[in-house]
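> predicted model, plus sequence, below.
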Amino acid sequence: MDTNRTFTADSEPALWAQVAADMARQPDLFDYRADLCQPPYCVHLVLDIDLGGGFEGGYELTTLRAVVPGQPALRFALHEQDWVHEIGKLLGLQDVELGYAELDRTFIISTNDANALRQLLADPAVHQALLRYPAARFTLAPDSEAPEAPLLLSFSLERAVVEPEQLRELYQLLLRVLQQLAPQPLSPPAV
């Protein structure tokens, strides 16, 4: 297992310069883990690749997660629109439509507050990022059933995204949504 790296910078370009340089130095990215921090926000990145062997099939997984402070009431899940979920809809399972035609067609969307989710996903850059990964799962949910469990904003894809520019786009997606869910107050002017 690889070590967990931590990258911290005041700006996104500086942060991603560090990440891209580190990724380029790695002989492989089979188990790459990093905390990407632009204070006060921090996103945890995991690339997990198993090539399999023999009779075993391999797998690939890209996950980005961030703890959302303040415990907002909103919960949501966007996931792949596939035939299993289409059958579920025929049997009465419901998903919501947000009024964003491409997102509504591409994903099964569930939430406890459609209006809040519609506002949260209003940014066209968020739409573009999500639509590039129609097989992804994007969620805001507690980490466990425990009442004090942290709320996680999570993006996962059963494919290895190893290009720094593509990972940066996914990081930007989480950061944009995280900044809306837990906005930081402006610093008071220096005296």
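Cool, the structure landed. Numbering: from 1, shown residues only.
> run a quick neighbour tally on His44.
Applying other CB atoms under 10 Å, we find 19 other residues in the vicinity of His44. (C-beta placed from N, C-alpha, C; glycine too.)
> beta-bridge partners for the spatially closest residue to Ser11 that is not a sequence neighbour, please?
Once flanking residues are discounted, Ser11 sits nearest to Gln38: 7.4 Å by CB to CB, 6 or more residues apart in numbering. With DSSP bridges applied, Gln38 shows beta-bridge pairing to Tyr41.
> Gln38 reaches Leu15, doesn't it?
Yes. In this structure, Gln38 is within contact of Leu15 by CB atoms under 8 Å, at 5.9 Å.
> anything in contact with each of the two?
By CB atoms under 8 Å, 6 or more residues apart in numbering, Gln38 and Leu15 have these common neighbours: Thr8, Ala9.
> list the contacts of the spatially most central residue of the chain.
Nearest residue to the geometric centre of the chain (CA atoms, centre = their mean): Phe155, 2.6 Å. Counting by CB under 8 Å, 6+ apart, Phe155 makes contact with Thr63, Leu64, Arg65, Tyr133, Ala136, Arg137, Phe138, Leu170, Leu173, Leu174.
> between those, which is closest to Thr3?
Thr63 (17.0 Å; CB to CB).
> for that closest one, what are its contacts?
By CB under 8 Å, 6+ apart, the residues touching Thr63 are His44, Leu45, Val46, Asp48, Ser154, Phe155, Ser156, Leu157.
> what's the neighbour count on the fourth one?
Asp48 has 17 neighbouring residues, counting by other CB under 10 Å.
> just the CA coordinates for the helix or strand harbouring Leu175, please, in PDB.
Using DSSP states H and E, Leu175 sits in helix 164-181. What follows is helix 164-181, C-alpha atoms only, in PDB (Å, rounded to 0.1, in the frame of the first residue of the first chain):
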ATOM      1  CA  PRO A 164      -3.800  15.200 -13.700                       C
ATOM      2  CA  GLU A 165      -5.900  17.600 -15.800                       C
ATOM      3  CA  GLN A 166      -8.900  15.200 -15.600                       C
ATOM      4  CA  LEU A 167      -8.400  14.700 -11.800                       C
ATOM      5  CA  ARG A 168      -8.200  18.500 -11.500                       C
ATOM      6  CA  GLU A 169     -11.600  18.900 -13.200                       C
ATOM      7  CA  LEU A 170     -13.100  16.400 -10.700                       C
ATOM      8  CA  TYR A 171     -11.400  18.300  -7.800                       C
ATOM      9  CA  GLN A 172     -12.900  21.500  -9.100                       C
ATOM     10  CA  LEU A 173     -16.300  19.900  -9.100                       C
ATOM     11  CA  LEU A 174     -16.000  18.900  -5.500                       C
ATOM     12  CA  LEU A 175     -14.500  22.200  -4.500                       C
ATOM     13  CA  ARG A 176     -17.300  24.200  -6.200                       C
ATOM     14  CA  VAL A 177     -20.000  22.200  -4.500                       C
ATOM     15  CA  LEU A 178     -18.200  22.100  -1.200                       C
ATOM     16  CA  GLN A 179     -17.800  25.900  -1.200                       C
ATOM     17  CA  GLN A 180     -21.500  26.300  -1.700                       C
ATOM     18  CA  LEU A 181     -22.400  23.700   1.000                       C
END
